[in-house]
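Colleague: need a structure here:
(one chain, ligands or ions: 1)
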Amino acid sequence: MSALRIAEIFGPTIQGEGAVIGVPTVFVRAGGCDYRCSWCDSLHAVDSAYRHDWSRMTAAAILTRVEELSGGVPLTVSLSGGNPAIQNFAPLISLGKARGYGFAMETQGSVAQDWFSALSMLILSPKPPSSGETVDWARFEDCLARAGQVQTVMKIVVFDDVDYAWARAVARRYPDLPLYLQPGNHTPPPPDADDAEIDLDGIMSRYQWLIDKALGDRWYDPTILPQLHVLVWGNKRGV
Ligand code: SF4
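Modeller: Numbering: from 1, shown residues only. Okay, the predicted model is just below:
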């Protein structure tokens, strides 16, 4: 069984974002990403300079750790990163499902894998212009196709008016995908800090701005959520 690059495994905690917000979860954070978003809040799992903190783990070893953390009681496992889609999580999903665990995964939609169809939920999070990245929509649609019947939702982080207009255009392009909008954390943690200062007042203002903007436009389709874990724990890592 080949080993996976894992930046951290932690929990149980709650999922802090999107469609499964508040759901008890163990996180498996993959190391490595094909993007370099300007405001990335997980650089410790992206930048190869932090590779020495990552572990090479087999699927069996990851599941053993997940079972230790969850006391052997099945729950939702969130595959995050980095971009988990650049590695092969099929063996972990297969082993975990046999023990009753469900797997949700978030990815930007830049790499499609056949094993997406084994997930419980796929969260596609295309990155808006403020990230400095450009979405390849053909690849994004390949991700959708490979997910097949798996529940798939879209999450877009919004930092400014340009991102907001982009999110509206993307929503028009994929009207059947449930959409979750989220204000960005403009004070993301540096990669070598595990409890960096955060501007919570600024984050709440941005959340109110986003709500006002969508409701003012009578755009009622998206669900507009803050990052719940950020409100509870700030930039603290591993919670
Ligand atoms: S895709 Fe996600 S993990 Fe990768 S650089 Fe962007 S925000 Fe960070």
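Colleague: rest of the way, CA atoms for contacts and neighbours
Modeller: Will do.
Colleague: How far does the host helix or strand of residue 29 sit from its chain's centre?
Modeller: Using DSSP states H and E, residue 29 sits in strand 24-30. Here strand 24-30 shows a centroid-to-chain-centroid distance of 10 Å under the convention Cα atoms, centre = their mean, to the nearest Å.
Colleague: Report the buried residues of the helix or strand following it.
Modeller: Using DSSP H and E, the helix or strand that follows strand 24-30 towards the C-terminus is strand 55-57. Across strand 55-57, burial judged by 16 or more other Cα atoms under 10 Å covers no residue at all.
Colleague: Which residues of the chain lie near the ligand?
Modeller: With Cα under 6 Å from any ligand atom as the criterion, the chain meets the ligand at residues 33, 35, 36, 37, 40, 42, 46, 81, 82, 83, 108.
Colleague: Just among those residues, which is most surrounded?
Modeller: residue 82 (28 neighbours; other Cα atoms under 10 Å).
Colleague: Could you check which helix or strand contains that one?
Modeller: Residue-wise, residue 82 maps onto no helix or strand under DSSP H and E.
Colleague: Ok, residue 138 next?
Modeller: Residue 138 belongs to helix 137-147, assigned by DSSP H and E.
Colleague: Could you do residue 79 as well?
Modeller: strand 76-80.
Colleague: How far does that strand sit from its chain's centre?
Modeller: 9 Å.
Colleague: for stretch 156-168, same thing?
Modeller: 17 Å.
Colleague: can you pull the contacts of residue 238?
Modeller: By Cα atoms under 8 Å, 6 or more residues apart in numbering, the residues touching residue 238 are 8, 9, 10, 11.
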